[in-house]
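Provide a 3D model corresponding to the input given below.
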Amino acid sequence: MFKKSIAVIALSIFSFSLSAQQKENPYTGPKINKEEMDKKVNSLLEKMTIEEKIGQLNLLTPGGGVATGAVVSDNVQQKIKDGQVGGLFGVSGPEKIRIAQEYAVNDTRLGIPLLIGSDVIHGYKTTFPIPLGTAASWDMNLIKQGAQVAAKEATADGINWNFSPMVDISRDPRWGRVAEGAGEDAYLGSQIAKAVVEGYQGDDLTQTNTMIATVKHFALYGAPEAGRDYNTVDMSHVKMFNQYLPPYKAAIDAGVASVMSSFNDVDGIPATGNKWLLTDLLRDRWKFDGFVVSDYTSVNEMIAHGLGDLQAVSAQSLKAGLDMDMVGEGFVTTLKKSLDEGKVTEEEITTAARRILEAKYKLGLFEDPYKYLDKKRAKKDILTKENRAIARKAAAHSFVLLKKDQQILPLDKKTKIALIGPLAKDQANMPGTWAPTGDFKNSITVLEGFQNVAKKAKITYAKGANISNDKQLAKNVNVFGPKIEISEESPEELLGQALEVAKKADVIVAVVGEASEMSGEAASRTNLLLPESQKVLIRELAKTGKPMVLVLMSGRPLNISEEAELPIDILQVWHPGVEAGNAIADVVFGDYNPSGKITASWPRNVGQVPVYYSMKNTGRPGLQEGFEKFKSEYIDVDNSPLFPFGYGLSYTDFKYSNTKISSEEMNMEGSVTVSTTVTNIGDYDGEEVVQLYIHDKVRSITPPKKQLIGFNKIAIKKGESKTVTFTITAEDLKFYNSNLEHVAEPGEFDVFVGTSSSDNSQQLRFTLNE
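You can find the predicted model right below:
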């Protein structure tokens, strides 16, 4: 009677739509009793049939939630009962997950519980800024705290496995998923990868407020040709090891329990079936001991790559080191046949099954399959005032003041403000791309935020323009719901209303930018300009002569060369999350002094791409500004980016002085310290990200012009000075040589301390000896 009622409830659930800086010692990962784990897992494996082992390698989605691919699994409940499912994603909520878990525990021969996964990319219900935004805070404690909040909320809703962090390095803003990563730099990306993994997993995965993290997309996914999503990636191993692989390695060293393979090929072999990548590098060289899951149907997509039929690519993926097949069901439908034909071995199947079972053991699911299904937690841990306060802080700390020539900001809270723009009263775009677990209706609009923070200000609002007037672009962007809404009023009418509002105000605040789904997965762009509808609005508002602030939202670096020439201030706010409006108001009205620094260089135009700070010199190095024939330069634009990596202004000003190095000589076992004094010479308290770069003057392979090796974010009161000290050891000077050996070579090193990657004002030199 009990099981029958459960089955009836489950049928309905699976058939309807489901709602959606310091340097430290390497983290050792969650603590487990390996002897006990081996005993439990070995005992299970001895009892399992080959079909049951293969079933553990199958990850399905019942559908109805936010789509992450074109395929949805069918007949999920029966497959669970038949022992053909190792995990689910796309389902949430204690009641719904309990039904699925009871199928696995009560209706299968061995009662092995399910992993329950989800894409919790930048917050769960309490959405945080997009990852490119939080990276701009350069605040590892705050980034880790955001991951802890996400884990607390997601686990309260029954989820125990997260498909995050995405640590792909990207130097191409055409690629939409630049929004999901930490930007262009391997060192900063590594620090963030470590912080996020530790935030999700803690030091004990059996705790109900921690979850398995998944580092993705392994590997090199952020460097597709032409910036087009899913496209081929082709680079040397030296470039991989020095510039793209370090953040993945940092996540492995931090104890990440899961890795997701990427869609692209590596050395001509799709990552999902690439043995060099998944076994030789990941397991043999890096000693990863968790499990590897494919990306959404990436096993099946190897067919289109040209590697054979489903049976062939499934066998190749298993032999390469893939443990779990997401949605494609190639493993569950072909591996037994491949085993019978000698194309895979039982040992290979058993090894993959072992890794999945170990993950379930680490979570404590064998002791209590329902440990994440406490309905009381969902009510008290999700979207709390405390969680929203952390999201508001994270958002404010992520904003970057790009331009302050006019000294308009911060605004007085009693002023007359014309709040204008298609994103000024918008909720739908505030969470940003890849926020499938959040609800945009919980977001605070910019208008609401202004009214909350500046209660005595006189604020008048006008939309002014559509995000875009291009109906085809709107259709492409609005696949999962309206993000670009084209008004029934004409562009001329909207502009006229905005100009009328602007006339009566003391200051204009124009809130413009991308819709959230103009960046993100499958949202590559060849045009990095603001849509023409908004460019017209900005031009006409600037012509009024009123003081004007541009509040800019985007999921990527944009080309705002035209806007940067206007007499306006510019504040970049990314897509800020659930507390968007409040956080923007906090900064605009001076309750918080912006301290963000961009982590991906902004180009002067799309023709410069890729442009990044750590480029190498050629044999004919070009000028950053100006032109000289027969040098590596353009004839129509400077080499330098519009805004360089590490750049960001403040309402106050900082002066660097008394920069010193402890010695001009260092041996391989020794160290040198570099110190600088930072003085707040402006009128506001503020925070500064002090950045440390090196340049290896001569080495066996060509060095980058600069390389970040340290940073420290400090708070300094107006008139105050603080001394920041960095310690440099040979470990900081290491690189992968042409033999892929991690070495530091003797020679001279330039050291730069400053406010961004382009700051050469504080330069020192030392020599590394044998």
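
all strands for the stretch 51-200 of the chain, in order.
58-60, 87-89, 115-118, 161-162 (DSSP state E, counting those that start in this stretch).

now these in a markdown table, with mean pLDDT?
A markdown table is the format used below for the strands of the stretch 51-200 of the chain (pLDDT from 0 to 100):
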| stretch | mean pLDDT |
| --- | --- |
| strand 58-60 | 97 |
| strand 87-89 | 97 |
| strand 115-118 | 97 |
| strand 161-162 | 98 |
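
figure out which of those strands is closest to W175.
strand 161-162 (22.6 Å; CB to CB). Backbone N, C-alpha and C define where each C-beta goes, glycine included.

re earlier: TSV for the strands of the stretch 51-200 of the chain, including mean neighbour count?
Below are the strands of the stretch 51-200 of the chain laid out as TSV (neighbours: other CB atoms under 10 Å):
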stretch	mean neighbour count
strand 58-60	27
strand 87-89	25
strand 115-118	26
strand 161-162	27
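
could I get the ones you listed as JSON lines with distance to T350?
Shown next, in JSON lines, are the strands of the stretch 51-200 of the chain (distance: least, CB to CB, whole Å):
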{"stretch": "strand 58-60", "distance to T350": "15"}
{"stretch": "strand 87-89", "distance to T350": "18"}
{"stretch": "strand 115-118", "distance to T350": "18"}
{"stretch": "strand 161-162", "distance to T350": "22"}
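
for those, which one sits closest to I169?
That would be strand 161-162 among the strands of the stretch 51-200 of the chain, by CB to CB, at 20.6 Å.

domain assignment for the chain?
2-17+25-378, 386-598, 654-769 (automatic domain parsing).

lowest-confidence stretch among these?
Of all the domains of the chain, domain 2-17+25-378 carries the lowest average pLDDT, namely a mean of 92.

wait, a helix at L537?
Yes - the assignment for L537 by DSSP: H, G, I helix; E, B strand; the rest coil puts it in a helix.

assess the claim that it and G421 are in contact.
Yes - counting by CB atoms under 8 Å, G421 is a contact partner of L537 at 7.1 Å.

now the common contact residues for these two.
G464, A465, A510, V512 (CB atoms under 8 Å, 6 or more residues apart in numbering).

which one, of the domains of the chain, ends up nearest to V611?
Of all the domains of the chain, domain 2-17+25-378 comes closest under CB to CB, at 7.6 Å.

possible to save the domains of the chain as TSV with distance to F630?
Shown next, in TSV, are the domains of the chain (distance: least, CB to CB, whole Å):
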stretch	distance to F630
domain 2-17+25-378	26
domain 386-598	26
domain 654-769	20
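
helix, strand, or coil at V672?
Quick answer, by three-state DSSP: V672 is strand.

any idea how far G710 is from it?
Noted for V672: a distance of 12 Å to G710, by CB to CB, to the nearest Å.

one step back: let's have the shared contacts of L537 and G421 in TSV, adding neighbour count, distance to V573 and secondary structure.
Formatted as TSV, the shared contacts of L537 and G421 follow (neighbours: other CB atoms under 10 Å; distance: CB to CB, whole Å; DSSP: H, G, I helix; E, B strand; the rest coil):
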residue	neighbour count	distance to V573	secondary structure
G464	31	18	coil
A465	27	18	coil
A510	29	12	strand
V512	27	11	strand
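
closest to E488 out of those residues?
Using CB to CB, these come closest to E488 at A465, 14.0 Å.

pretty sure the closest one is in contact with A498, am I right?
Yes - shown here, A465 and A498 form a contact pair, counting by CB under 8 Å, at 7.4 Å.

overlap in contacts of those two?
Common neighbours of A465 and A498 (CB under 8 Å, 6+ apart) are L537.

so how far is stretch 418-425 off the chain centroid?
27 Å (CA atoms, centre = their mean, to the nearest Å).

run through who's touching it.
So stretch 418-425 is in contact with 429, 445-447, 450, 459-467, 498, 501-502, 504-505, 507-513, 533-534, 537, 541, 546, 551, 553, going by CB under 8 Å, 6+ apart.

show me the strands in the stretch 501-650 of the chain, by range?
507-513, 548-553, 569-572.

minimum distance to S261: which of these has it?
Judging the strands of the stretch 501-650 of the chain by CB to CB, what sits closest to S261 is strand 548-553, at 31.9 Å.

packing partners for that closest one?
strand 507-513, helix 532-543, strand 569-572, helix 580-588 (3 or more CB pairs under 8 Å, 6 or more residues apart in numbering; DSSP states H and E).

name the helices or strands packed onto the last one?
Secondary structure elements in contact with helix 580-588, counted by 3+ CB pairs under 8 Å, 6+ apart, are helix 385-398, helix 446-453, strand 548-553, strand 569-572.

10 Å instead, please
helix 385-398, helix 446-453, strand 507-513, strand 548-553, strand 569-572 (3 or more CB pairs under 10 Å, 6 or more residues apart in numbering; DSSP states H and E).

over to the third one?
Strand 569-572 sits against strand 400-403, strand 507-513, strand 548-553, helix 580-588, with contacts defined as 3+ CB pairs under 10 Å, 6+ apart.

using TSV, please lay out those together with distance to I560.
Shown next, in TSV, are those (distance: least, CB to CB, whole Å):
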stretch	distance to I560
strand 400-403	8
strand 507-513	10
strand 548-553	7
helix 580-588	18
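
which one, of the helices and strands packed on strand 548-553, ends up nearest to K375?
Closest among the helices and strands packed on strand 548-553, once you apply CB to CB, is helix 580-588, at 29.5 Å.

just checking: what are the partner strands of the next helix or strand after that closest one?
Downstream of helix 580-588, the first helix or strand assigned by DSSP states H and E is strand 654-661. With DSSP bridges as the test, strand 654-661 is paired with strand 671-680 (antiparallel).
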